[in-house]
Every structure is written in C-alpha cells, then in structure tokens.
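*Asks:* model this:
(chains A and B, ligands or ions: 2)
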2 protein chains.
Amino acid sequence: MPVVTVQPEGVRIKVPHGSDLLTVLRNVGVNVESVCGGRGVCKKCIVEVVSGSISEPSSAETGIDFSQGIRLACQTKVLGDTVVKVPQASRQTKGKILEKGVAAGFDFSPAVKLVNVRLEPPSLKDQRSDMERLLESVEVASIDSLLLKRLPSRLRELGWELEAIIRDDEVLDVRPRSNRDLYGVAVDVGTTTVVVYLVSLKNGRIVSVKSDYNGQIVHGDDVISRITYAVKGYDNLKILQNKIVETVNRLVRAALDDAGCASSDVYEAIFSGNTVMLSLLYGAEVSAIASAPYVPPFRSSLCFKAREIGLETNSSAVACTLPVVSGYVGGDVVADIMVSGMHRRDENSMLIDLGTNGEVVLKSRGLMLAASTAAGPAIEGAGLSNGMRGMEGAIESVSIDVETYDVYFKTIGGKDPRGICGSGVVDSIAWMLISGILDQRGRIVDLGIPRIVKTNDAKAFTLAVNSDGRRICVTQSDVRVFQLAKAAVFSACLLLLKKAGLAPRDLSKIYIAGAFGNYVDPRSAMVVGMIPEFPLEKIVQIGNGSGHGAVMSLLSKKARGEAELIARKIKVVDLNTVREFQSEFIDSTLFPHRRREMFPKVIDAIGRRMPLLG
Amino acid sequence: MPVVTVQPEGVRIKVPHGSDLLTVLRNVGVNVESVCGGRGVCKKCIVEVVSGSISEPSSAETGIDFSQGIRLACQTKVLGDTVVKVPQASRQTKGKILEKGVAAGFDFSPAVKLVNVRLEPPSLKDQRSDMERLLESVEVASIDSLLLKRLPSRLRELGWELEAIIRDDEVLDVRPRSNRDLYGVAVDVGTTTVVVYLVSLKNGRIVSVKSDYNGQIVHGDDVISRITYAVKGYDNLKILQNKIVETVNRLVRAALDDAGCASSDVYEAIFSGNTVMLSLLYGAEVSAIASAPYVPPFRSSLCFKAREIGLETNSSAVACTLPVVSGYVGGDVVADIMVSGMHRRDENSMLIDLGTNGEVVLKSRGLMLAASTAAGPAIEGAGLSNGMRGMEGAIESVSIDVETYDVYFKTIGGKDPRGICGSGVVDSIAWMLISGILDQRGRIVDLGIPRIVKTNDAKAFTLAVNSDGRRICVTQSDVRVFQLAKAAVFSACLLLLKKAGLAPRDLSKIYIAGAFGNYVDPRSAMVVGMIPEFPLEKIVQIGNGSGHGAVMSLLSKKARGEAELIARKIKVVDLNTVREFQSEFIDSTLFPHRRREMFPKVIDAIGRRMPLLG
Ligand code: FES
Ligand code: FES
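*Replies:* Numbering: from 1, shown residues only, chains lettered A, B, ... in the order given. Ligands and ions are numbered 1, 2, ... in the order given. Prediction:
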C-alpha cells in the first residue's frame, strides 16, 4: 500500500491505492476544510503535493495553476507514496492561535495565585491581630474588606491551616487546603456579541467558552445608538450597565455549570471590548465619546471589586478593564495587537478587526496607526434578513456550483439551517459574485433560476430551505447593507496605508481578528473587496483577539504591562477628518472596488468563475 | 484703689477696696471654679497670693496651710495692691488642651487638600481621556470611582476650571472655584458616648461639637455585652454597625446644621474608640476579642470609602480608623497618648483614661505598658439610679457643707438638675467621705439627717430636689457600683507601676483623659482612691483625648504616622494574668484604699473633714 506523508506534521500513514487525499488527511486527524462534501465545488480543500504519484487533475480542477503542486484534496487520488503539505488556510484551526500566542510571548504569571499557609495560632505572648497574622505570613500588604470582616471566624474554622488566594498585593480569600482549582473569567464585551472564557488560573487551561448577544441590543445595534440611549434618560446608563452585567453573569453561570465549578472559585474577571462597552460596563458616562474630539472617560486599565458592578463571582474578586486607546479605538484592539504580536515584530503589518465596529491598525517601523469605522452589525450576521449569530444551525460557510447554481453549505454543529452568520454572509456574497448572481455594483442579476426569488419587488438568492420549509436567503437589501460594511473596513485599510505611504505589497502580514474573524474565509473576504488582495499564506487569522487578549491578561502580568504600552503607543487617525475618506468609501462599495487594478487576481478569478485559490 | 495683678497672665486691674478675689478674677475673665457660690464650702477656688495686702483667713479657711500663700479666692478680700497666681486646677479650662496639643507637636498637614486647576480642553490633537487629563494636571495617581463615572459631565459643566479635592493620592471631587471651606469629622466612638467634631480642613478650626449616647446601648452597657449580642445572631453584627452609624450620622447632621455646612463638603472621617467599637463600626467580627488571647480583627489604621458603611458625607469621602493596640487597648488610648505627648517626653509618666473601659498607660524610659479594665459605665454617669450623660441639667460638680450637710452643686448649662454625670458622681462620693456620710467601706452612715433617706431598705443621700419635686440621690447601691469601677481603675494603675518597678512618686506627670476626663476634679478622684495620690500641679487633664486625637489625625499626616508608631510600641499587660490582681482589686474597693499609707494626705483631709487642697 502507498505511504502518505503529511507536512508539516511529518505524520506517515499507509493507505489503500486510489484513496482520495481529503479522506486520508481526515483519517490522520488533519481536518481539511470542505463545504461541498468533496464534490470539487467549494475549493476549500486546497493542498500542495510536494512529490509522489497521484491522479491527473479532474474537471473540477480546471483553471488551477498546477506548477506549484496545488491540488484539491477531494479530487486527488493516491497512486503511490506521496508527500503532501496542508496549508494553514485549508485547516479548521479554530481557537488554535490562542495557546500559541500565550506560549510565544508571555510567561505564565497570573495576578491571582494560591499560597499554602500554616499560621501560628495566637497566644497571650503573640496577640497580633488576625489581619496582621495573615498578612505577615504571606508577605502581602492588604486584604479585601469583606474577607477582613469575617476573617476571625474563617481563620478559626480553618484551624489556622489554609490556602490563601492572593492577587498582587491583596489577600482575596482563605479556604481549606485542597486540590481545588481557582478560576478567572476573560470577557470580550462586543457591541453585538459577548464571549466569556472560563480559565483555570492554576494551569492556564480554558475550561469553558460561552457566548451570546449583548443584552444591550434592545437599546440599539451600534455604539452610537447605545450612547444616544445612555444620555437620553437619567437611569439609562444604569440600565445599560445592568444589561451587560446580566449578560456576563448568565454566560459565567453557563460556563461554570459546564465545567462543574462554583462562582466562589472565580477570583478575577478581565474585560476587553471597545471603549463604549467598557465605559458602560463600569458605569461611566459615555456622552463625551459621541462628538469630537471623542474623549473617553478613562484610558488606562481600571481595576475594581467585581461586586461593585454586581458580577456573580467570588465576593472578593477583582475586575479589570483592558486599557483603551481613544473613544473609538478600544481595549479590543489593544488585545488584538497583543495576541497578534505585531507590535513586537520588526516588520510592516496590518491588523483588521472585523466586527460591528471595524478597526484597522497599521504598523510601519516604530509607528502604529489605528482607525475605527462603523461597519455595522451585518459583519456579525446581525441586521440581515436571515442573519444570525455564530451558533448552532447558522450557515457558516457556503459555496455555489457555477454551472448548476447548486448551493453547498455547512452549518455550525451540522444542524438544520436557521440563518446565516458572518462568515456565511461573506462566503455567500463572494460566491454570488463568482457565479455571476451578483454584478460589480451589487445588483442581483435575474438569471431566471428558481433560487432567485422576488419578494416585495426586490430579489433574493435562496441559500437553503430548511426542514420547516423556510427559505434562507440573501436579499438585495442584505447585499446593500453588506456593501456599506465592507466599504467601511476597506477604505479604513486603504487610508491608513496611504497615511503611512505604503501599499499592500509592502506589508509582511495581515492579521484578521474579530469575534468571527477566525471563521471568515480570507479568500472570500478578498473577493468581496473587504480586505486588500494579499498572498494567502501571509494572512494570519487570530480569531477573537479581543477575548484571547483578555485571557492572556488573566494569565500573564507581563501581558498586562504590554497592553498598557500598546495603548499608549498607538496614534489614532480620525477617518472623518481625512479629506478623501468619503470618495474612497463610495469607491469601496463596488465589488471588489471601483479601481479594479487593486484586485487583479480577484478580477481574474471572477472572470474565470473560480474562487481565489492562493 | 488697690491694683490686683493676675499671674501668669500678667493682667492688672484696679479694684474697689475690700473686693473678694473670686469676683475680681472673674471680672478680668479668669474663670475660677466655684461650686458653693463663694460660701467657702467647696474649696474649688484655691489661689496663691504671691504678695500684697489681703484680709485675714476666714473660718472657712481653717485647716489650710497658709505657708505657701494658699487662700480661697471667695474668702479673700483685697486690701491693697496684690499679686495673685491662679493655678491651672482652679480654672475652668474645658477643651483648652486640644489646640495646645496640635500646636505643640504637629504640623498642619491634612490628608485632604484643595487644589485649583485649569485644564486644557480636549481637542483632536489632545484626545487624552478625562481621567488622565485631570490626574496629570494635579499629579495624582487615582480617582474615586463614583467621581470617575460622572467625570465627563462634571468637567464640562465646570468649563475645565475647578477646585480638585485631593486626599493623599486620590482625587475625591471636583467643584466650582469658590471660597467654600472643606471639612472633616473626627469621631470618638465611646462604648457609652459618641462625640463628633466637625473640623475645617482649611484652617483647622473645630466648627461644631456634638455628642450623644451610642445607639448600641440598647444591646448592652459594656463591650462584653455588645460582643455577646454580636455573636448571638446572624444579623446582629450588622444591627450593631447600623446603630453606631446612625448615631454618627445624626451627630454629623446636627454639627452640619449648627455650622451651616453641607454634608457634601465633608471629605474625611476619622474614628477613634476602643477596639470593639472600631471593629463594629467597620462591620468586622468581634468574637475573638472576647476570650483569651483577645485577638482583634485588625490593628493598623484602616481606610475605606465612607459610603461603604453608609456615612452621610460627600459620596467620595474616606473614612479611617485610628490604629489599635490589642483587643482591649484601642485607638482611643493611642489618641490619648498622642494628645498627651507623653511618648515624646523623656520622663516617667502615667495616663489614665476614665470611661466605661478604664485604660492605664505607663511610660517608663523606653517602655510603654498598657492595661485595660472594665470599669463599667458608672464613671460616665450611666447605670446609676440618677446617673446621666454630661448634658444640660446634669449635676457636674458638688460640694457638701461638713457642718450643715447642705449640698452645693453646679449643673451643666445652669439648668434645673435632672441627674448626675460622671464628674458629679466622683465629687459627690468624695464629699460624702469628707463629711462622714460614707465610711471607708462605702456604707452610708445613718446620721439622722433629712437628706439621708431610706428606699427599699437601702439608704440614699439626697443631692437635690428638682423643680418637679424629684429627689436626685446617690444610693447605697450606686456607691457599690462606683466602688467596683474605681477599684478597677486604681488597681490597674498600681499593677502597672509594680510591673515597671515604680511608685507614684517616680512619675513626673499623670495625664487624665476620657470623655469626661476634662471635667472630673482630680482632687475628688484622689479622695475616692480612683487615682494615686499625686501632686495636683503635676496632673494634666487632657479632656477627651480620644476625640482630640482623631481631630489631630484629621489635621496632620504626621500625627497619623505617629499613631501607628505608638500602637506598635505599646506592650499590653493582661491584668487577669497578673497573680495579685484579684486581691489588689478587693483592697482598692475601700475608700480610698485598704492600705491607707498610700493616701496620707487624703486620710489627713478626711480626718480634718476638709477636701484636698493641693
Ligand atoms: S471539498 Fe474539495 S472542493 Fe469542496
Ligand atoms: S467658691 Fe470658694 S470655696 Fe466655694
């Protein structure tokens, strides 16, 4: 039987003659992407055959440049010993970046730690107070006030032998000696989506992740509408604060249930998010952020008692916000940068955070420029006819057979489709362009096929009909909303590059972040003209950088220090004050762009009705 | 007309021939004590005639040693130019010690101060957050969280010109520029009595003083019964905390009304008191204080937000406790020492704090020993048949005509008598001893005079009948209660002296402190055997050292540091572990003491039916 060697892993496996590479790779645990189920349609299963004996290209592979060994895994049969390289872009790598990020740049040094203590019981010779006795023993300066109040009975119940939970220079808790773990929560407070990571502070493991819509959504889709609501009534600030705290508490409870942990074992919460979200979480006025010069109430990391905002953690737990840069460049961006590590590398690079607020950071030599842009919630799947958050039943990737217009899709959890999430929207629109269903101006073309239906005089393209008989569509107005979103992101990228005197080719890397940034197919993002055309292998998807940065901060004091430095270093560019922004924005609403010369490969691919392959 | 020169003031006044010195002195503003109204009975009006021409001694002055020029001012008529010296002990000097204390040892350096600020308004060029902008301008590290939350609108309402109220390294408030004062409150939390001082932090002036019973009294008279109540039920600790906070709030409100100030202008509260009171105020468990080794929950000064315990001050105000020494030697004793200055003087001295808890401190060379003793509330006028707090209508000083048994007394405010306060009780019992109404064992002798009445088979001595016809008496059982109280104080004094190998004659000074320590007549205190027999001119009454020490801490950061040092330096002697305590205590219940040789002058005076004169 032929032997297949998988790179870069170096795994070797004997396989039956004629096996297809997609199946072979999955059998050795290399999860290659596939939407069309091996039909050769989706082009997500690209691999590089380094050497060996394989089948001739199939008709589905027409148009692929084979000079570099590029093949579709699903179409390639093994005929003899073969060496195959699986590029990062073809792998399902969700959440992998995080551990790498922590391992690469940071030591494991959580602010919260556990110390075993045996206290000398008091005597007439040693009448030190309970507080002194404990603090002197652990060499720490202060103690949480709630703990202090009940310290006398706690110490005596414990018989003077205990575990002290210490954060920086404060004792937070005392508890019986045991092997019990202690936890922190890292929270990404997005305008649309909130993600909670429950993390062991003993070993750094993420034991559960939960996410849900931000409960503030009933008061508006974007930060501007939240600010408007907050300033409109006296109690509204408090209402918004309660909503987000409720959301976080619900997710923390779910994560604790999931992992079988108690809320009393959670000693720290780190919050990442944009400036408005962090301000509302803390309960600070946001009015001044709304109008020029867009001044935030605070910028450095704030640490306070979690109980002050009503978090359901240990009663002595500490909550911290990540530092923010300005009114519109928040802690989420600082976290993204930290996770990407771009600030530490001596090369030009760009970071694009895809979310309700799109943020772009450009690093050029010592300079870091950042811009924020109101992309709107479409990018997170919200605000579209059939949009939904990335949860079970959401269509997350899509491909279209350019001959038959058959749609292949994958839903999260493999469930019956209920709607389309962000990455599914980008895929859908990219494939509608490739298959000619959409034109350059974003109009749905009347191809006279049954999938294109008319509702209220507007056209819609049907991705799927679910088991209830409901059509899941991309409508003409969805496309319009999406055009505005992607134009916002792209024009921000372009204007920052211009400001630094760079072109995309001068960049060594593009990092893509965002709550759904790990799932979006960068090839589709290029096809629609949301991000610059750029070599696929130089695109790094860091996933939910905001959440992962919060996890890093939870696990490493060094990371916290670095976050402060990053926040201070960034120069914010206010796009509204850049003269050419408006015209650039309008040009960017076209697919992929009015200046087609910026997207030669995309134009070529669309012309050949093929997706981008590399 | 003859000229009278008053020393040490040096005041000179021409007076009509034959004027009595008591009237003369009062006319020049030297308020000489008098209870009997110039009848020669009370012997409180002692002066020293240095030179001059005066009348012969009257019959009321029989028994006085004239060799040192000692005369009763009320009995002495001016016949020619005269120089007269008025000793401190004969003056009404209430509250005078305080200003001296502050002036003597401490700089004026309140922790809370006011800074005028003009901020640069934000611009697109300067997008610093509101917090940074303020903190960088005043060079302070942190900001109160409540202030931070509303800082954006506050700064804009103020138009970037403001007064910042700063405490140590935290901005507490911003307000319009004006001449408005800012205030602190110093609170003496006694087991029985609470005193609130409202103090200007701009000029150090005490603008109002208010006092009342501690609202916790319904849950027990002494610290032991408070502890017992606190540990008996789950919510009881909270109930006790609420009671004391309510009392303080009521007094703060009264003081603010009095001075016409707003609670929002109060930025700091300093609390002095015994360890149990300070623990209850903070809401900390007191259970461990009750039994050996009597360990307090905390010892160092604690600072926290006043709002945490519900104080009605500025919402960002800070509250601090004075440091305590041990479970039974509290912040009140530290404050006493600080006010006395005994820790700074290179001499042997003793401090006696008279209150529900009696505390004694002995300084001998580098050593400071302290002992606490449960004197009970009798010493503060509570727990006696006609006892009352030192307020209007309380009999505060007493003398008895040894011939007629007529009683002369003074009430606070000169009002109709309603009861007897602490200093009145000590005076009454001293005079009952001098006039033979009480014997050495504390029995009321049946002299067959109308003032001695029998109620329920027990005798009582009538001090006064008020306008409602109610008799105000010292009963036999009052005397018994008092004997226990004074024995507790005296045996503590004696045992500490013994521990240090000293006798009273080795002391350079005795300081008397306590909520009523400024008003008690030290001569009476010696006659009853509550304090050692000691030269009157070496007794210094520092008044409410606990409250005054809190005022000092409010006004001087140096005083705070010194309080910490004092608290750490003191060695506590547990009297219960001293073998001879029990027998010494019993000996001390006699008047003045079983070992009469310790009180030669008192024995002599009682024998001659005269008060102590010097
Ligand atoms: S799986 Fe190979 S093209 Fe879809
Ligand atoms: S006033 Fe002189 S003895 Fe009373």
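*Asks:* for the closest residue to ligand 1 within the stretch 301-450 of chain A, name its beta-bridge partners.
*Replies:* The nearest approach of the stretch 301-450 of chain A to ligand 1 comes at A:S399, 6.7 Å away (C-beta to the nearest ligand atom). C-beta: built from backbone N, CA, C; applies to glycine. Beta-bridge partners of A:S399, counted by DSSP bridges, are A:Y408.
*Asks:* burial count for it?
*Replies:* By the criterion of other C-beta atoms under 10 Å in any protein chain shown, A:S399 has 27 neighbours.
*Asks:* quick one: it and A:G40 touch, right?
*Replies:* No - between A:S399 and A:G40 there is no contact under C-beta atoms under 8 Å: 10.1 Å.
*Asks:* the one residue in chain A that gets nearest to ligand 2: what's it in contact with?
*Replies:* Scanning chain A for the residue nearest ligand 2 gives A:Q127, at 47.9 Å (criterion: C-beta to the nearest ligand atom). Shown in contact with A:Q127 (C-beta atoms under 8 Å, 6 or more residues apart in numbering or on different chains): B:P293, B:Y294, B:V295, B:S326, B:G327, B:V572.
*Asks:* do A:C473 as well
*Replies:* Contacts of A:C473 (C-beta under 8 Å, 6+ apart): A:S385, A:N386, A:V453, A:A460, A:F461, A:T462, A:L463.
*Asks:* likewise for A:M610?
*Replies:* A:K43, A:G63, A:V402, A:I434.
*Asks:* next, give phi and psi for the second one.
*Replies:* Backbone geometry at A:G63, expressed as degrees, to the nearest 10, gives phi 100, psi -10.
*Asks:* surely A:V453 is within a strand?
*Replies:* Yes - under DSSP: H, G, I helix; E, B strand; the rest coil, A:V453 falls within a strand.
*Asks:* so it sits against A:T475, correct?
*Replies:* No - A:V453 is not in contact with A:T475 according to C-beta under 8 Å; the separation is 9.4 Å.
*Asks:* overlap in contacts of the two?
*Replies:* Contacts common to A:V453 and A:T475, judged by C-beta under 8 Å, 6+ apart, are A:K459, A:A460.
*Asks:* these two: who's more crowded?
*Replies:* More neighbours surround A:T475 than the other of A:V453 and A:T475, with 19 against 14 (other C-beta under 10 Å).
*Asks:* thinking again about what came up before, which one of the contacts of A:M610 is nearest to B:N357?
*Replies:* A:K43 (86.5 Å; C-beta to C-beta).
*Asks:* what's the closest non-adjacent residue to the closest one?
*Replies:* A:P611 (4.5 Å; C-beta to C-beta, 6 or more residues apart in numbering or on different chains).
*Asks:* looking at this, the one you found is in a helix?
*Replies:* No - secondary structure of A:P611 (three-state DSSP): coil, not part of a helix.
*Asks:* neighbours around A:L554, how many?
*Replies:* Counted with other C-beta under 10 Å, A:L554 comes out at 27.
*Asks:* could you measure from it over to A:E246?
*Replies:* Distance, A:L554 to A:E246, by C-beta to C-beta, to the nearest Å: 22 Å.
*Asks:* residues in contact with the residue of the stretch 301-450 of chain A closest to ligand 1?
*Replies:* Per C-beta under 8 Å, 6+ apart, neighbours of A:S399: A:V35, A:C36, A:V41, A:C42, A:K43, A:K44, A:V407, A:Y408, A:F409, A:D427, A:W431, A:P611.
*Asks:* let's have the contacts of A:M610 in JSON lines, adding pLDDT and neighbour count.
*Replies:* Formatted as JSON lines, these follow (pLDDT from 0 to 100; neighbours: other C-beta atoms under 10 Å in any protein chain shown):
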{"residue": "A:K43", "pLDDT": "87", "neighbour count": "27"}
{"residue": "A:G63", "pLDDT": "77", "neighbour count": "14"}
{"residue": "A:V402", "pLDDT": "90", "neighbour count": "17"}
{"residue": "A:I434", "pLDDT": "95", "neighbour count": "24"}
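*Asks:* quick one: contacts for A:F304?
*Replies:* Neighbours of A:F304 in contact, by C-beta under 8 Å, 6+ apart: A:Y282, A:V318, A:A319, A:C320, B:S145.
*Asks:* of these, buried ones?
*Replies:* A:Y282, A:V318, A:A319, A:C320, B:S145 (16 or more other C-beta atoms under 10 Å in any protein chain shown).
*Asks:* ok so, going back, just the closest of the contacts of A:S399 to B:Q440, please.
*Replies:* The closest of those, once distances to B:Q440 are taken by C-beta to C-beta, is A:D427, at 105.4 Å.
*Asks:* using the three-state scheme, assign the closest one.
*Replies:* Applying three-state DSSP: A:D427 is helix.
*Asks:* which residue, neighbours along the chain excluded, lies closest to it?
*Replies:* A:D427 sits nearest to A:V398 (C-beta to C-beta, 6+ apart), 4.0 Å away.
*Asks:* read off the pLDDT value for that neighbour.
*Replies:* The confidence metric pLDDT takes the value 93 at A:V398.
*Asks:* with chain B as the reference, measure out to it.
*Replies:* Look at A:V398 and chain B: by C-beta to the nearest C-beta, to the nearest Å, they are 41 Å apart.
*Asks:* which ones are touching the nearest residue to A:W431 once chain neighbours are set aside?
*Replies:* Leaving aside its chain neighbours, A:W431 sits nearest to A:I400 (4.1 Å; criterion: C-beta to C-beta, 6+ apart). The contact partners of A:I400, by C-beta under 8 Å, 6+ apart, come to A:V41, A:D406, A:V407, A:Y408, A:W431, A:M432, A:I434, A:S435, A:I437.
*Asks:* give me the subset of those residues lying in strands.
*Replies:* Counting by DSSP state E, the contacts of A:I400 place A:V407, A:Y408 in strands.
*Asks:* neighbour-wise, which of the contacts of A:I400 leads?
*Replies:* Counting neighbours by other C-beta under 10 Å, A:W431 leads these with 30 neighbours.
*Asks:* need the contact list for that residue.
*Replies:* A:V398, A:S399, A:I400, A:I437, A:S524, A:P611.
*Asks:* and if you look at A:L119?
*Replies:* A:R133, A:L134, A:S137, A:L155, A:W160, A:E161, A:L162.
*Asks:* any stretches of chain A with poor pLDDT?
*Replies:* Within chain A, the segments meeting pLDDT under 70 span A:93-105, A:515-518, A:614.
*Asks:* backbone dihedrals for the spatially most central residue of it, both of them.
*Replies:* With distances taken as C-alpha atoms, centre = their mean, the residue of chain A nearest its centroid is A:N544 (2.0 Å). Dihedral pair for A:N544: phi -80, psi 80, per degrees, to the nearest 10.
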